[in-house]
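Student: What follows is a predicted structure for the sequence shown.
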Amino acid sequence: MTAEPRLVEVRRNILKQNDVVARALRERFHEAGVFVISLVSSPGSGKTTFLEKTLTLLFPRYRVAALVGDLATDNDAARLARSRAPVKQITTGTLCHLEAAMVQKALEEWDLTQLDFLFIENVGNLVCPSSYDLGEDVRLVLLSVTEGEDKPLKYPTIFNSADIAVITKMDLSAAAEFDEKLADHNLQAVRPGMEVFKVSAKTGEGMSEYLEFLERRRAGSPDGAAV
Ligand SMILES: Nc1nc2c(ncn2[C@@H]2O[C@H](COP(=O)(O)OP(=O)(O)OP(=O)(O)O)[C@@H](O)[C@H]2O)c(=O)[nH]1
Ligand SMILES: [Mg+2]
């Protein structure tokens, strides 16, 4: 019984420290003029596949780069590097989320003024990453058609701390008997007004709407409306 308040206090201090670093990162991003998007989801929802497609589609027109967090391997960095964009792996060891200080360290030698978009793939987890600000402009949560429409209700914090949602693997929608209406309803229940994109990184379906949204947000429209 006595251990609990101490744990809560340590956690609060860690979060406070993270917020200080995240604020400094956000300032650095804004000064450099780079637009930063982080991706969170459960393991295997399709973050890396979606990000590889995003980097490949943006690469000819924009200067793009990515950081990717993983507990143990650099597999995702190797996959993302196929897009030809600069990519750096952050290996977290036992930690189930990225922290602002890890992002800061990974970017130490990068000249951010040379970038238009920076993407940060978080560790696959629907709980831990939600409380850690990384200084990003947009936090994007992915939900795949195969993992169940009820995930927003079961893990509300990760969904209501995100700015936009992307439903992935739409090419598998029929086979998974995915109920689009129910997923939309559940997303809106935890984050009213949240913009939702439906994509398949395999077929490319829905990618252009999402990329246009990012371009508009980068151009300064806070809600992604045409500027
Ligand atoms: N059919 C189909 N499969 C997909 C799609 N996107 C991803 N996948 C598959 O889903 C699996 C997991 O995809 P990843 O991109 O590795 O998922 P992730 O979220 O990065 O996984 P972690 O980094 O381990 O959390 C892989 O087998 C992908 O090929 C898609 O749009 N359609
Ligand atoms: Mg991945």
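Tutor: Ah, there it is. Residues are numbered from 1 along each chain as shown. Ligands and ions are numbered 1, 2, ... in the order given.
Student: got the residue ranges for the helices in this structure?
Tutor: For the chain, the helices defined by DSSP state H cover 3-32, 47-58, 75-80, 100-106, 151-154, 156-160, 180-190, 207-218.
Student: For ligand 2, see how far away the residue in the chain positioned nearest to ligand 1 is.
Tutor: Sorted by distance to ligand 1 under Cβ to the nearest ligand atom, the residues of the chain start with Gly124, at 2.3 Å. For the C-beta atoms, the positions are set from N, CA and C on the backbone; glycine is no exception. Separation of Gly124 from ligand 2 (Cβ to the ion, to the nearest Å) stands at 6 Å.
Student: Equivalent analysis for Asp19, please.
Tutor: Where ligand 2 is concerned, Asp19 sits at a distance of 26 Å (Cβ to the ion).
Student: ok, that residue - contacts?
Tutor: 100, 133 (Cβ atoms under 8 Å, 6 or more residues apart in numbering).
Student: dump the residue contacts of the residue of the chain found nearest ligand 2.
Tutor: Distance from ligand 2 to each residue of the chain (Cβ to the ion) is smallest for Thr48, at 3.4 Å. Residues in contact with Thr48, defined by Cβ under 8 Å, 6+ apart, are 68, 76, 79-80, 121.
Student: So which residue is smack in the middle of this protein?
Tutor: Leu39 (1.1 Å; Cα atoms, centre = their mean).
Student: what's near enough to touch it?
Tutor: With contacts defined as Cβ under 8 Å, 6+ apart, the neighbours of Leu39 are 47, 50-51, 119-122, 140-142.
Student: Same question for His97.
Tutor: With the criterion set at Cβ under 8 Å, 6+ apart, His97 makes contact with 69, 122-123, 125, 128-129, 132.
Student: Same check on Phe59?
Tutor: Phe59 neighbours (Cβ under 8 Å, 6+ apart): 83-85.
Student: what do you get if the cut-off is 10 Å, keeping everything else the same?
Tutor: For Phe59, the set of contacting residues under the criterion of Cβ atoms under 10 Å, 6 or more residues apart in numbering consists of 83-85, 117.
Student: ok, now Val21?
Tutor: Contacts for Val21 were tallied using Cβ under 10 Å, 6+ apart; they are 99-105, 132-135.
Student: what stretches of this structure score poorly on pLDDT?
Tutor: 1-4, 7, 221-227 (pLDDT under 70).
Student: Name the residues of it found near ligand 2, please.
Tutor: For the chain, the residues in contact with ligand 2 (Cβ under 5 Å from the ion) are 47-48, 76.
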